[in-house]
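**Student:** structure of the sequence below:
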Amino acid sequence: MHVVYTGERVRLRPFRDADEWCRLRQQIDAVPNDYWGSLFQPRGRHSSDFDKDGLLDTVGAPAFAIERRDTGELVGYERHHLPRPGMLIAGVGTLLLPDHWHRGFGIEAKQLCFCYLFENYPIQLVEAVTVANHVRARRGMERSGMRYAGRVRRLRCIGGVYCDLTGYQLFREQWEQLPIRGIVKRGVA
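**Tutor:** Numbering: from 1, shown residues only. The predicted structure follows:
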């Protein structure tokens, strides 16, 4: 199983150690997210999440570091939810530090994660959700190849306000048509 996927702009790789994961989470936690509210979790929680299995577990929510190829800088993480036994669906979620938005890093990271999931698991579908008013995230999902799947009303409460969630999907046959498959380097550090 490959755990390093390299594209033109970014590389998805395991986090090097708990300190790298915690430093990234401290940067993320320092500023409340405009769409999801405060993502703050105590540093001890970040360390214990990493210490279990280096964020590569097959239960929970594993994560890859998103590293810029031009600078080697860590710019975010790509979470993925692996299929439960008997299920054919996986999930993805991208979080980039604001200084790295609008450069295609999140789109490519998501596409690299699609490659990881479809190549290593017998799934037929990858899905993602975001709050309905998060236009940038929705556009990124569409640009990554995902298609709008629907909206669920008032499913999430953020800052005391109930928000709608929108879902996006990518089926295996759609992924098979994406150009990223010819660009990605697998297992290259």
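**Student:** mind listing the helices for this protein?
**Tutor:** Under the criterion DSSP state H, helices of the chain are mapped to 18-29, 43-53, 105-120, 135-143, 172-175, 180-183.
**Student:** quick one: contacts of the longest one?
**Tutor:** If I follow you right, that is helix 105-120. Contacts to helix 105-120, defined as C-beta atoms under 8 Å, 6 or more residues apart in numbering, come from residues 1-3, 5-12, 64, 66, 68, 75-76, 78, 80, 82, 90, 92, 94, 96, 123, 126, 128, 140-141, 143-146, 170, 172, 175, 178, 180-181, 184, 186. No exception for glycine: its C-beta is placed from N, CA and C like everyone else's.
**Student:** end to end, how far does stretch 170-182 reach?
**Tutor:** Stretch 170-182 has an end-to-end distance of 18 Å (criterion: C-alpha to C-alpha, to the nearest Å).
**Student:** could I get the buried residue list for stretch 12-24?
**Tutor:** Residues of stretch 12-24 classed as buried by neighbour count (16 or more other C-beta atoms under 10 Å): Leu12, Arg13, Pro14, Phe15, Ala18, Trp21, Cys22, Leu24.
**Student:** what's the separation between the first one and Thr6?
**Tutor:** Distance, Leu12 to Thr6, using C-beta to C-beta, to the nearest Å: 8 Å.
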